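[1] have a look; sequence and predicted model below, questions after that.
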Amino acid sequence: MKQICVDASFVLKLLLDEPDSPQAVAHWSEWIANDYEIVAPFHLVFEVVSVLRNNIYRKTISSQAGEKALAAFLAQDITLLHPPSLIEQGWLVATRLNRPTVYDAIYLALGELMECEVWTADRRLYNAAEATLPQLRLLN
């Protein structure tokens with residue numbers, strides 16, 4: 001089965017009404033229709049839920065909208081993976097890219113380990129990594 005790795009910035013486009021949300025939904029629908037397995041590291045859960053909660057706290061979305069987005073997220077068929085060398089690979093990717101944190105590098109490392117594309121909506125991450133990580137794709 002073919003795999004696609006998604007990061008939190010991409011998944012949030014599916015859950016919140018943002019200008020590029022329709023593009024994210026179109027990609028997602030295509031992947032599902034073509035039997036791709038959508039994967040992510042386990043910390044995707046904490047990143048997505050934290051952003052949803054923060055949006056409620058800042059009154060960017062209502063409590064009801066946040067709860068609806070959370071339910072939609074939990075209903076998504078995302079396989080959460082943690083291969084044995086993921087942390088070490090994430091560290092190496094962050095070091096190679098001279099990134100200050102490992103959070104985003106873990107998605108990139110998972111893509112390397114699983115030999116699959118990694119989709120992000122984070123332009124800064126894409127700009128920092130695209131030259132050395134050909135499997136990285138930017139939602140645009």
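    All right, it came through fine. Residues are numbered from 1 along each chain as shown.
[2] now the helices: where do they sit in the protein?
    8-15, 21-33, 43-57, 63-75, 86-96, 103-114, 123-129 (DSSP state H).
[3] got CSV for these, with distance to Met1 too?
    The C-beta positions use only the backbone N, C-alpha and C, and glycine is treated the same way. Below are the helices of the chain laid out as CSV (distance: least, CB to CB, whole Å):
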stretch, distance to Met1
helix 8-15, 19
helix 21-33, 11
helix 43-57, 19
helix 63-75, 20
helix 86-96, 20
helix 103-114, 11
helix 123-129, 25
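[4] what are the buried residues along stretch 100-110?
    Neighbour-count burial for stretch 100-110, counted by 16 or more other CB atoms under 10 Å, picks out 102-110.
[5] what does it contact?
    By CB atoms under 8 Å, 6 or more residues apart in numbering, the residues outside stretch 100-110 that reach it are 5-7, 39-41, 43-44, 47, 81, 83, 86-87, 89-94, 97, 99, 118, 120, 122, 125, 129, 133, 136.
[6] ok, now stretch 5-20?
    In contact with stretch 5-20 (CB under 8 Å, 6+ apart) are residues 21, 23-25, 28, 38-40, 44, 47-48, 51-52, 55, 61, 69, 72-73, 76, 78, 104, 107, 110-111, 114, 116-122, 125, 139-140.
[7] distance of the residue lying closest to Glu130 once chain neighbours are set aside from Leu70?
    Once flanking residues are discounted, Glu130 sits nearest to Leu136: 5.2 Å by CB to CB, 6 or more residues apart in numbering. Per CB to CB, to the nearest Å, Leu136 is found 28 Å from Leu70.
[8] who has more neighbours, those two?
    More crowded of Leu136 and Leu70, by other CB atoms under 10 Å: Leu136, with 21 against 16.
[9] who does that one bridge with?
    Counting by DSSP bridges, Leu136 is bridged to Val118.
[10] quick check: it touching Cys116?
    No. If you go by CB atoms under 8 Å, Leu136 and Cys116 don't touch, sitting 10.9 Å apart.
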